Structure formats: structure tokens, C-alpha cells
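> pasted the sequence and its predicted model underneath.
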Amino acid sequence: MRSDRVKKGYERAPHRALLYATGLSKRQLDSPFIGIASSFTDLVPGHVQMRELERAIERGIHFAGGTAFIFGVPAICDGIAMGHEGMKFSLPSRELIADVIESIAQAHALDGLVLLTNCDKITPGMLMAAARLDIPAVVVTAGPMLAGMHRGKRRSLVRDTFEAVGQFNAGLIDEKELEALEMAACPGAGSCQGIYTANTMACVTEAMGMSLPGCATALAVSAKKKRIAFESGYRVVQLVKENITPRRIMTREAFENAIRIDLALGGSTNAVLHLMAIAHEAGVDLDLETFDRLSRQTPHIVNIRPGGEYFMEDLEYAGGIPAVMKVLGDLMHDNPTVSGLTIRQIAESAEVIDQDVIRPLDNPYHREGGIAVLWGSLAPDGAVVKQTAVSESMMRFEGSARVFDSEEEAMEAILGDRIRPGDVVVIRYEGPKGGPGMREMLSPTSAIVGKGLSESVALITDGRFSGGTRGPCIGHVSPEAAEGGPIALVRDGDRILIDIPNRKLELLVDPEELKRRKEEWRPPEPKVKAGYLARYAKLVRSANTGAVFAG
């Protein structure tokens, strides 16, 4: 066992003394050492219930003959961090999480890991660590939140708080209704109720084979979630004994399965960034072209908020990810999973309970998958859009640029009624380097929807979007403005063409004029000059790589 390096031999007497100081017995030194990387925090609603799940995982490990050690991992709530400087830290925290887990697992010579996670950047950060370390690991996602309820209707975070800000600003609802919505939208523990980034990543983790069947959609408040946590603890000890490590699970085919599930669900565009970063750690070559190719082959068969009207609880009751894999059939590779079952075995044992929540392939919500990748003179290295959350009338749109060099400037203009039908809001210098940190733009996109402009206004950014974004919102524009990409050269009034069916994003400006602007362009002063974000900006690469670190 890896842990023998800290507990075997006469020269390890000091190490054993310190282990005994934690309360271990001699008997426990003979068992595998399993780390429980827990992202419990009182700050994040998706994580507040994790103390119970820690106990369940711990019991499973001990029941299987292992010794469990809980250690902490940071967690940021993207919703709370949204719309201010805090969001600059969200994506960069992904790298911190991977580094923390690597550091603890290596320093303490752990034999295996259970990765207890839920929200947006924590799950990919943990998967990056698992791929990097390549020691037996199982992921436990803590589960979705129940829908809220107000005036006899089910409610969710994005539609009923973020978009309500725009409705209030437009005079469509009053202050009393806004307060009632914010009290009702999030009724308790769990990841937010739609197919936003947290739930998208839980679903792709299960499809990749890194969590047990049913884990992704088992509700945070359910006894089922506790049972899955127990079984995950038990199973990781078996993986240690069998020496089944993440890179045996996380193959090229596993990543394609994960992408297929994201596309079939209409999941978050953030999955593109995260799957590419995880693949990078796993030594698997993954590029934007793969996402777009698979999207053209994979129908959108589950329509959950923000694009649809269903909630994660509906997917759970309809059969969960195993049922989605069953419908996708031969589109899914028959890969191994941490459960010991293959993808096909899991799918064959599943049942589709509701054929409107999980539609058959011959009756999809959309013929193509949730994500489209656009290229063109405005995005030579690609840009990403959640096409299943765009109305048919806005799939092709030409408009006039309204350019802003920060999210705050754009938000002020939107709420100040300075954005008009036919405008293309361009938010730049918010990419991985320029932000730094590649902030999500849920506040401006939700304000556009709330003010009734989603059928007449588009938004383009070198930043990124929450999984809760809907409408013609194109993110991840690469190269970013801070690197001198074409988005840095856009000026107010320039015509921009968005053509999602033909995968085009074009700046309709004469090439000679753009060449002249490029010669005049100078890199701006860094927005952050000290601390972690300054170091992050020096190391991070473009969004089309997954925003991984260079070197």
C-alpha cells in the first residue's frame, strides 16, 4: 500500500507516534488509508448537508476494512460570488482545489480517496486531482436542491431571483414580490435546481464512470443520497485492493460519454472548460471540435431549466442518468465505471419512468445537443453557446456592437435602459487572463431576460456564463481581449453576425480596418497586480484549452 511509506518499518516510529496521537489503533495501521476530501462549508447551500454524508462515507470505509481521514477542501458558491469581484476567484479556485488534494494525498501517502463535492468548480477541481494523482477514487456529489414554491408554482434560483432583478428594474414586479421570490426560490440544502454547472458536472461525472449509479440526481435531502455515500466509501476500499485507478476509468471514450450526457441534457457551457481541463490532467487529448462534432450527432432529449421547464427532481424521478444512458444506447461507449459495472450494464438495468422528461431519440426536444461551438473572424480559436437555450428566432442574429470593458459597465447600461433591440452587448477583458479569472455573466444575461430583451439583444464575451444563462449569449471567445484577440478590436456600432446553425461568429469590419486597429492596440494594465489572481493571470492559458495552467 502507498500508506506503508508512513507506517511500516522501524524508521517510521515517529510517524506511527503521530498517527497514534490522532486516536488510531495498531489494528488500523494494517488497513488502507482513505482520505475523504470534503468541501463542507456553512457558506454554500449545496454543501451545508455534507457532515451527514461524511459520516456515511466514513462508515462505508470502515465497514469495508479501511481507515478514513477527513480533510477540508475550499468551496465557493458561484451564486453568492456572482456580479462582483468575488466571481474572479471562482474559476481559479478549481486549480487550488486540485492542488490541495494532490498535496494532502501525496504528503500523507493516502491509498485512496472519496471526493465529496457538489458545486460548480469543486467537482471539476476534484476530478482534476483524481486524474493527476491516479490513485483509487470515487466521487460523491451531494445532490440537487428541491424546487421552491411560491403562489402555487415551483421556483428556482435563476428564473426567480436573478431574472427577477431585471423584472423589478423594468417595473414588472414590486419590491414585495421580489422579496417573496428570494425567500422561496431556494428552500434548503443542495445544488441549484436546474441543469446549471453544478448539476451538469454531477451528471457528467456519473456518465464518465467516476461516481456510483444514481449519484448525480439523488436529491440532497434524500436517504438515497446517504446510502450512495455509504456505498461509495465501501467501494473505494475495493478499488484500492483491486488497484483500479482513475485513468483506467477516465479514458477518451469516458470523456466522450460525459460530453454526450451534457449535450443530451442541454447542460452548462462550463462543462466544456472543465472536461478539457480534466482531460488535460488525465493525459487525454480533447478539443473544441470534439464537442461540436458530438453535438451534431446527439439529440437534446432532457429539457431542464433554464432552457426548459423541468427540474432536477423530475430527472431523478424519471430514472436519472442511467435512464438517459439507456435512451442514448449505442451512442454511449461501454466503458468501465468505479461501481464495477460497465456503462451498458448500468443502462440495461435502468428504466425510463417518464418519456416526456427523458424523451426517446425519435422525439427529441432539439435535433442537436445543447452546446454549439462557433468560429469566425471574431473568434478564430472558437466560442461556445448553449444553443438549446436560444429561441429559434435568435439562432441567426445580426446587430450593432455595444462595447464594455467590464461586467459592471455592461450591467449599469442594461439596468439604465441604454441597451436597445438590435444591440450586441460585447463584454471584454473578462477572460482567464484579462479578468482575471473569467467571470460568469449571469447578472447581465439574466437582466436582459428579465427586461424582456432576450428576443432582440445578444451578448458576447471572452468571459463565461453560468449554466443558468439562456438566450443568445456567446462566451469563451478566444483569443481573449487581454491577448489581443479580435474582440479587443471591436468598437461601438460595428456589425456582428451570430449564425449558430452554421457555427459562425463574424465581426463584419473590413480586414484592413481591423489590421489598422490591431497596430494601434496596446495591452491594458492588469486589473489585479498582487495576490493569487495576479499569479493565476501569469499562468493561465486561453479558454479554448480549458483555461489550464501553462507548463
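Right, received. Where do you want to start? Numbers count the residues shown, from 1 in each chain.
> contacts, neighbours, all on C-alpha from now
Will do.
> residue 517: neighbour count?
Number of residues near residue 517 (other CA atoms under 10 Å) recorded here: 16.
> isn't it right up against residue 489?
Yes - if you go by CA atoms under 8 Å, residue 517 and residue 489 touch, sitting 6.2 Å apart.
> which stretches of this structure form strands?
33-38, 67-72, 112-117, 137-141, 148-150, 153-155, 371-376, 379-386, 396-404, 423-427, 458-461, 473-475, 495-499, 504-507 (DSSP state E).
> just how off-centre is the fifth one within its chain?
The one in question is strand 148-150. 25 Å (CA atoms, centre = their mean, to the nearest Å).
> with the first one instead?
Strand 33-38 has its C-alpha centroid displaced from the chain centroid by 23 Å (CA atoms, centre = their mean).
> contacts only, for the residue nearest to residue 382 when sequence neighbours are not counted.
Counting by CA to CA, 6 or more residues apart in numbering, the nearest residue to residue 382 once its immediate chain neighbours are dropped is residue 375, at 4.7 Å. Neighbouring residues of residue 375 by CA atoms under 8 Å, 6 or more residues apart in numbering: 381-383, 503-506.
> at 10 Å what do you get?
Counting by CA atoms under 10 Å, 6 or more residues apart in numbering, residue 375 touches 381-384, 477-478, 498-500, 502-506.
> need the winner for burial among the strands of the chain.
Stretch with highest mean neighbour count among those: strand 137-141 (a mean of 33; mean count of other CA atoms under 10 Å).
> which strands and helices sit next to it?
For strand 137-141, the packing partners by 3 or more CA pairs under 10 Å, 6 or more residues apart in numbering; DSSP states H and E come out as strand 33-38, helix 50-63, strand 112-117, helix 122-133, helix 197-208, helix 223-242.
> 8 Å instead, please
Under the contact criterion of 3 or more CA pairs under 8 Å, 6 or more residues apart in numbering; DSSP states H and E, strand 137-141 touches strand 112-117, helix 122-133, helix 223-242.
> what is the neighbour count of residue 349?
Using other CA under 10 Å: residue 349 sits among 10 other residues.
> oops, could you answer that again for residue 326 instead?
Neighbour tally, residue 326, other CA under 10 Å: 23.
> pretty sure residue 425 sits against residue 401.
Yes - with contacts counted by CA under 8 Å, residue 425 reaches residue 401, the gap being 6.0 Å.
> that older thread, JSON lines please, covering the strands of the chain and showing mean pLDDT and distance to residue 105.
Output for the strands of the chain, formatted as JSON lines (pLDDT from 0 to 100; distance: least, CA to CA, whole Å):
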{"stretch": "strand 33-38", "mean pLDDT": "98", "distance to residue 105": "7"}
{"stretch": "strand 67-72", "mean pLDDT": "98", "distance to residue 105": "10"}
{"stretch": "strand 112-117", "mean pLDDT": "98", "distance to residue 105": "8"}
{"stretch": "strand 137-141", "mean pLDDT": "98", "distance to residue 105": "11"}
{"stretch": "strand 148-150", "mean pLDDT": "96", "distance to residue 105": "39"}
{"stretch": "strand 153-155", "mean pLDDT": "95", "distance to residue 105": "40"}
{"stretch": "strand 371-376", "mean pLDDT": "97", "distance to residue 105": "35"}
{"stretch": "strand 379-386", "mean pLDDT": "97", "distance to residue 105": "35"}
{"stretch": "strand 396-404", "mean pLDDT": "98", "distance to residue 105": "44"}
{"stretch": "strand 423-427", "mean pLDDT": "97", "distance to residue 105": "40"}
{"stretch": "strand 458-461", "mean pLDDT": "96", "distance to residue 105": "37"}
{"stretch": "strand 473-475", "mean pLDDT": "95", "distance to residue 105": "35"}
{"stretch": "strand 495-499", "mean pLDDT": "98", "distance to residue 105": "46"}
{"stretch": "strand 504-507", "mean pLDDT": "98", "distance to residue 105": "44"}
